[in-house]
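Undergrad: Need a 3D model of the sequence below.
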Amino acid sequence: MTDPRQTKREVMEYDVLIVGAGPAGLSCAIRLKQLAKDKKRELSVCVIEKGSEVGAHLMSGAVFEPRALNELFPQWQSMDAPLKVPAIEDRFMFLTRMRAFELPLPPPMDNHGNYIISLGYFAKWLAAQAEGLGVEIYPGFAGAEILYNEKGYVVGVATGDAGIGKNGEPTARFARGVELRAKQTVFAEGCRGSLTKMLFERFKLRADCDPQTFGLGIKEIWEIDPAKHHVGQVTHTIGWPMNSRTYGGSWLYHWENNLVSIGFVVGLDYENPYLSPFEEFQRFKQHPSVRPLLKGGKRVSYGARALNEGGLQSLPRLTFPGGLLIGDTAGFLNVPKIKGNHTAMKSGMVAAETLIAHFTQNITGPEAVDYLPRLQNSWLWGELHAVRNIRPSFRRGLWPGLLYSAFDNVVLSGKVPWTFHNHADYAQLKPAKECPKIEYPKPDGVISFDRLTSVFLSNTNHEEDQPSHLKLRNPSLAIETNLAVYDSPESRYCPAGVYEIVRDAGGQNPRLQINAQNCVHCKTCDIKDPRQNIDWTVPEGGGGPNYQGM
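TA: Just a heads-up that it's a prediction; the model follows:
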């Protein structure tokens, strides 16, 4: 009997294929179609998205700066865009265990003219605009393989086969993946994209840049007492519950309909393997300045996502034969602003302008090398250059970081001749014997919660009869190194309860159990594992969280 995995895949061909339907990918698609129309040129553009629908895997704070949107759609305010809540009040607080002190607002955190939004709703709106221009968008299509031609150039991607059982064999619901081929492939997978990792290795795209450094953002949406709700209020905090050596902070955004977006970011360069970002967030909500706001309210959503924090010095080479990188898959987040959606959109728009020129001016060669110079001549580059030293300045601790940031950003406006450098997050973790254990309080089920209860609110779903999409390069390291040296940090840094050490009835023979069905696709395990032993790969298309309003 013929193995169905050996049958030929269906092939779909386009001028441009975009992998990822976030703000970067959709802005790129829209701008491509706008420019093609201006030049009276036919251009086929396809966007694939691993989530079950556009926005299903998107999560952001989010206070949105409309600078790129103003360029993409100058008349967006008359187009029913989901930007309804202007940010009207900024607060920046320093927390101790029991008190909150208001600090002067750093200039990058001034949100005058910005909007509190749901990134998922905004992406759905962008997708509608893209489809109106003729872009084909396919949610539930997870890019699992990069396609190359005989010269080694990228010529598209293939989606994974569906209906493979846990035993690795086809089941009754087997369906062959699809090849999507294109003249140029744009990777907009977001932070720590699985295909982008392959590109980094094949084309040595990270050979001449700093290691990327990351944060883990954990978010909840609460419906609170209307008497406590202040539409348009934006609050950020630093300090407790982080110690002065660990980078992190919170946000509270008062959105519409008595909803509050509340979240916490922990820099993944932390040292203590006993630290749990999820538990730190739950602890933060019990602070005397936060708990009263949430008391009597209802938690309605939960999610988690890693974010790039390295800035310009951690940007990889952005082009390669047959494609380029945009958005957070490259690392265009502005950390001091705590914003990356406007920069992601701008990178996608610049990529579109580059590709149109590449197609219409008969530029020779498969690589759109004009992309970097165009970026460097845009406001995006100037914005990130001015703040490039802020995040790495906190490597020496909270207070040195704050003092340096004030000097660099406020006094000198980022115009300094030096550039600080970044380090690999996984290499910062210390052995457990060198660190104090952290005892976290049990959740009360009112303000603080456990992981599994939280994952339920993310609407996460994976087909259970499929191979785990979380791969161990060397399974023995889970016990020999992670457990023996670091006391299994993956059981704490994962915000979804995916990893746990289980033992036999006598408490012996420990082994790592991977509950892949809980995975919310945050990518933290792929980033923080101390031996880089965990590879996050795509599950079947449509699997993962199904965020609503995040």
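
Undergrad: low-confidence ranges in the stretch 201-350 of the chain?
TA: Low-confidence segments of the stretch 201-350 of the chain, defined by pLDDT under 70, are absent.

Undergrad: so Leu268 sits right up against Asp529, yeah?
TA: No. Counting by CB atoms under 8 Å, Leu268 does not reach Asp529; the two are 10.8 Å apart. Bear in mind the C-beta positions are built from the backbone N, C-alpha and C, glycine included.

Undergrad: Quick check: Arg5 touching Arg176?
TA: Yes. Between Arg5 and Arg176 there is a contact under CB under 8 Å: 7.3 Å.

Undergrad: can you list residues touching both of the two?
TA: Common contact partners of Arg5 and Arg176 (CB atoms under 8 Å, 6 or more residues apart in numbering): Asp161.

Undergrad: Look at those two and report which has more neighbours.
TA: Neighbours per residue, other CB atoms under 10 Å: of Arg5 and Arg176, the larger number sits with Arg176, 19 against 13.

Undergrad: you'd agree the more buried one is up against Gln6?
TA: No. Between Arg176 and Gln6 there is no contact under CB under 8 Å: 9.4 Å.

Undergrad: where does the stretch 351-500 of the chain have low pLDDT?
TA: Looking at the stretch 351-500 of the chain by pLDDT under 70, you get 362-364.

Undergrad: all strands for it, in order.
TA: 470-472, 499-502 (DSSP state E, counting those that start in this stretch).

Undergrad: Looking at the ones you listed, spot the one closest to Leu398.
TA: With CB to CB, the closest approach to Leu398 among the strands of the stretch 351-500 of the chain belongs to strand 499-502: 29.2 Å.

Undergrad: Quick one: residues in contact with that closest one.
TA: 483, 488, 490-491, 510-515, 525.

Undergrad: now the residues you listed as a markdown table including distance to Thr419 and neighbour count?
TA: Listed next are those as a markdown table, based on distance: CB to CB, whole Å; neighbours: other CB atoms under 10 Å:
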| residue | distance to Thr419 | neighbour count |
| --- | --- | --- |
| Leu483 | 38 | 19 |
| Ser488 | 37 | 19 |
| Glu490 | 33 | 25 |
| Ser491 | 37 | 18 |
| Pro510 | 44 | 15 |
| Arg511 | 45 | 13 |
| Leu512 | 39 | 18 |
| Gln513 | 43 | 12 |
| Ile514 | 39 | 20 |
| Asn515 | 42 | 16 |
| Cys525 | 30 | 23 |
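
Undergrad: so which of these comes closest to Ser454?
TA: Asn515 (13.9 Å).

Undergrad: So which residues of the stretch 51-200 of the chain form strands?
TA: Taking DSSP E, counting those that start in this stretch as the criterion, the stretch 51-200 of the chain carries its strands at 63-64, 85-86, 89-95, 100-102, 115-116, 136-139, 143-148, 154-159, 162-164, 170-175, 178-187.

Undergrad: how about the fourth one: buried residues?
TA: This points to strand 100-102. Within strand 100-102, the residues scored as buried using 16 or more other CB atoms under 10 Å are Ala100.

Undergrad: Sheet-wise, list the partners of it with their directions.
TA: strand 89-95 (antiparallel) (DSSP bridges).

Undergrad: Tell me the buried residues in the partner strand?
TA: 90, 92-95.

Undergrad: Over to stretch 64-77?
TA: So stretch 64-77, judged by 16+ other CB under 10 Å, has buried residues 64-69, 72-73.

Undergrad: likewise stretch 378-396?
TA: By neighbour count with 16+ other CB under 10 Å, stretch 378-396 contains the buried residues 378, 380-381, 383-395.

Undergrad: among the strands of the stretch 51-200 of the chain, which is nearest Leu32?
TA: Shortest distance between Leu32 and the strands of the stretch 51-200 of the chain, using CB to CB, is found for strand 178-187: 9.0 Å.

Undergrad: that older thread, could I get the strands of the stretch 51-200 of the chain as TSV with mean pLDDT?
TA: Below are the strands of the stretch 51-200 of the chain laid out as TSV (pLDDT from 0 to 100):
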stretch	mean pLDDT
strand 63-64	98
strand 85-86	98
strand 89-95	97
strand 100-102	97
strand 115-116	98
strand 136-139	98
strand 143-148	97
strand 154-159	97
strand 162-164	90
strand 170-175	89
strand 178-187	97
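
Undergrad: can you put the ones you listed in TSV and add distance to Val455?
TA: Shown next, in TSV, are the strands of the stretch 51-200 of the chain (distance: least, CB to CB, whole Å):
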stretch	distance to Val455
strand 63-64	26
strand 85-86	28
strand 89-95	27
strand 100-102	30
strand 115-116	25
strand 136-139	21
strand 143-148	24
strand 154-159	26
strand 162-164	23
strand 170-175	25
strand 178-187	28
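
Undergrad: Select, out of the ones you listed, the one closest to Phe203.
TA: The closest of the strands of the stretch 51-200 of the chain to Phe203 is strand 154-159. By CB to CB, the value is 8.9 Å.

Undergrad: what does the closest one contact?
TA: Applying CB under 8 Å, 6+ apart, the set of residues contacting strand 154-159 is 9, 17, 19, 48, 141-149, 177-182, 185, 195, 199, 320-323, 541.

Undergrad: Can you flag the buried ones in these?
TA: Burial of the contacts of strand 154-159 was assessed by neighbour count (16+ other CB under 10 Å); the buried members are 9, 17, 19, 48, 141-147, 177-182, 185, 195, 199, 320-323, 541.

Undergrad: Tell me the one among the buried residues of stretch 64-77 nearest to Phe420.
TA: Closest to Phe420, out of all of the buried residues of stretch 64-77 and judged by CB to CB, is Glu65, at 24.5 Å.

Undergrad: from memory that closest one sits against Lys339, does it?
TA: Yes. Here Glu65 reaches Lys339: they are 5.6 Å apart, a contact under CB under 8 Å.

Undergrad: Tell me how many other residues surround Ala304.
TA: Neighbours of Ala304 (other CB under 10 Å): 28.

Undergrad: For it, which three-state class applies?
TA: strand (DSSP: H, G, I helix; E, B strand; the rest coil).

Undergrad: Begin at 868 from now on, thanks
TA: Will do, 868 is the new start, and the previous item becomes Ala1171.

Undergrad: give the contact list for it.
TA: Taking CB under 8 Å, 6+ apart, one finds 926, 1083-1086, 1145, 1362-1363, 1387, 1389, 1391 in contact with Ala1171.

Undergrad: let's see 6 Å
TA: 1085, 1362, 1387, 1389 (CB atoms under 6 Å, 6 or more residues apart in numbering).

Undergrad: Select from the buried residues of stretch 1245-1263 every entry located in helices.
TA: Judged by DSSP state H, the buried residues of stretch 1245-1263 include 1247-1248, 1250-1253, 1257-1260 as members of helices.

Undergrad: Nearest to Thr1210 among those residues?
TA: Of all those, Thr1210 sits closest to Leu1247, with 5.4 Å by CB to CB.

Undergrad: correct me, but Tyr1238 touches Leu1222?
TA: No. Using CB atoms under 6 Å, Tyr1238 is not in contact with Leu1222, being 8.3 Å away.

Undergrad: And those two? Which one has more around it.
TA: More crowded of Tyr1238 and Leu1222, by other CB under 10 Å: Leu1222, with 27 against 22.

Undergrad: State the distance from the more buried one to Thr1186.
TA: For Leu1222, the distance to Thr1186 equals 11 Å [CB to CB, to the nearest Å].

Undergrad: residues shared between the contacts of those two?
TA: In contact with both Leu1222 and Thr1186: Ala1235, using CB under 6 Å, 6+ apart.

Undergrad: can you give me the helices for the stretch 1318-1417 of the chain?
TA: 1318-1324, 1344, 1351-1353, 1357-1360, 1391-1395 (DSSP state H, counting those that start in this stretch).

Undergrad: what packs against the third one?
TA: Packing contacts for helix 1351-1353, counted by 3 or more CB pairs under 6 Å, 6 or more residues apart in numbering; DSSP states H and E, involve no helix or strand.

Undergrad: can you list the residues that contact that helix?
TA: 1140, 1298-1299, 1397.

Undergrad: Closest one of those to Gly1281?
TA: The closest of the contacts of helix 1351-1353, once distances to Gly1281 are taken by CB to CB, is Pro1397, at 33.8 Å.
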